[in-house]
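Participant: kindly generate the corresponding structure for this input.
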Amino acid sequence: MDGNGRWAQSRGLERVDGHREGVQSVTACLETAAREGVKYLSLYAFSEENWNRPKDEVSTLMSLMMRQVECQAEKLMKNHIRFRVLGNRERLGLALNAAIDGLEKMTAGNDGTTLIVFLSYSGKWDILQAMKKAARELSDQEFQDLEITDFDRYLVTAGIPDPDLLIRTSGELRISNYLLWQSAYTEFYFTDVMWPDFREEQFREALAAYASRDRRYGKVK
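Facilitator: Model (predicted):
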């Protein structure tokens, strides 16, 4: 979800104002996903590299996340949305982790769209932690016999389908360490629209573009 800071600065606002406006785009896209029957909507909210941003901005982002976790419970339950947070949660504060745990538990039985927020996440970290986990759990021979299809269960996305479509806003043309393993056959959609301006219309345009793609997974018809 890129472009919050630039969107704000172009309007003479503080970067945090862009992050706050971006929350409205999250709501719009989640509501659209639910109406369109999208089963999983993932949001790359904060990367491991983002910890290197100015402390004030990081603190504001964590506070914004805390407020959203606290105030979205009723809306998620009403719309049967399941909530999950994936990433290196050891780097998050105790209060935020407790709030996340509570909302995950509350929404665990919902059977509509699953909203996944990737927080303190990086694809390289994910692959590394998966390798370490496999090494701990498997014997030497089992580790040597590990197949590609077996590896998925050690990633933080275990049990979740690989993404069909990855949308990147604000004109950036890279995936920035996001779902490196899982996006091997993901369709990519790049747009110059800043995230705070990415609403239902823009989301539907991305879905329409995806629907027109011919997905062959390396095969031929």
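Participant: from now on I want contacts and neighbour counts done on CA atoms only, so please keep to that.
Facilitator: OK.
Participant: look at residue 84 and tell me its secondary structure.
Facilitator: Following DSSP: H, G, I helix; E, B strand; the rest coil, residue 84 is assigned to strand.
Participant: give me the neighbour count for it.
Facilitator: 18 (other CA atoms under 10 Å).
Participant: how about the one 3 residues further on?
Facilitator: Other residues within reach of residue 87 by the criterion other CA under 10 Å amount to 22.
Participant: one more: residue 148?
Facilitator: Residue 148 has 7 nearby residues by other CA under 10 Å.
Participant: how close does it get to residue 181?
Facilitator: Going from residue 148 to residue 181 by CA to CA, to the nearest Å gives 10 Å.
Participant: which element follows the longest helix seen in the chain toward the C-terminus?
Facilitator: Taking DSSP state H as the criterion, the chain has its longest helix at helix 15-36. Remark: after helix 15-36, the chain's next helix or strand is strand 40-47, criterion DSSP states H and E.
Participant: for the helix or strand that that next one is followed by, which helices and strands make contact with it?
Facilitator: Moving toward the C-terminus from strand 40-47, the next helix or strand (DSSP H and E) is helix 55-71. If you count contacts as 3 or more CA pairs under 8 Å, 6 or more residues apart in numbering; DSSP states H and E, helix 55-71 packs onto helix 15-36, helix 94-107.
Participant: give me the residues contacting the first one.
Facilitator: I take that to be helix 15-36. Defining contact as CA atoms under 8 Å, 6 or more residues apart in numbering, one finds that helix 15-36 is touched by 3-9, 39, 41, 57, 60-61, 64, 79, 112-113, 115, 195-200, 203.
Participant: restricted to strands, list the residues you listed.
Facilitator: 41, 115 (DSSP state E).
Participant: assign the residue lying closest to residue 92 once chain neighbours are set aside to helix, strand or coil.
Facilitator: Nearest residue to residue 92, sequence neighbours excluded (CA to CA, 6 or more residues apart in numbering): residue 120, at 7.8 Å. Assigned by three-state DSSP, the conformation of residue 120 is strand.
Participant: burial of residue 137, as a residue count?
Facilitator: Other residues lying near residue 137 total 11 when counted by other CA under 10 Å.
Participant: residue 76 versus that one, what's the distance?
Facilitator: Taking CA to CA, one finds residue 137 at 35 Å from residue 76.
Participant: what do you get for residue 82?
Facilitator: Taking CA to CA, one finds residue 82 at 7 Å from residue 76.
Participant: can you pull the residues that touch both of the two?
Facilitator: residue 107.
Participant: now residue 11: how far from residue 40?
Facilitator: Counting by CA to CA, the gap from residue 11 to residue 40 is 33 Å.
Participant: neighbour-wise, which of those two wins?
Facilitator: Applying other CA under 10 Å to residue 11 and residue 40 shows that residue 40 carries more neighbours, namely 21 against 10.
Participant: the more buried one against residue 84, yeah?
Facilitator: No: using CA atoms under 8 Å, residue 40 is not in contact with residue 84, being 10.6 Å away.
Participant: and the helices and strands packed on helix 55-71 as CSV, adding mean pLDDT?
Facilitator: Formatted as CSV, these follow (pLDDT from 0 to 100):
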stretch, mean pLDDT
helix 15-36, 93
helix 94-107, 96
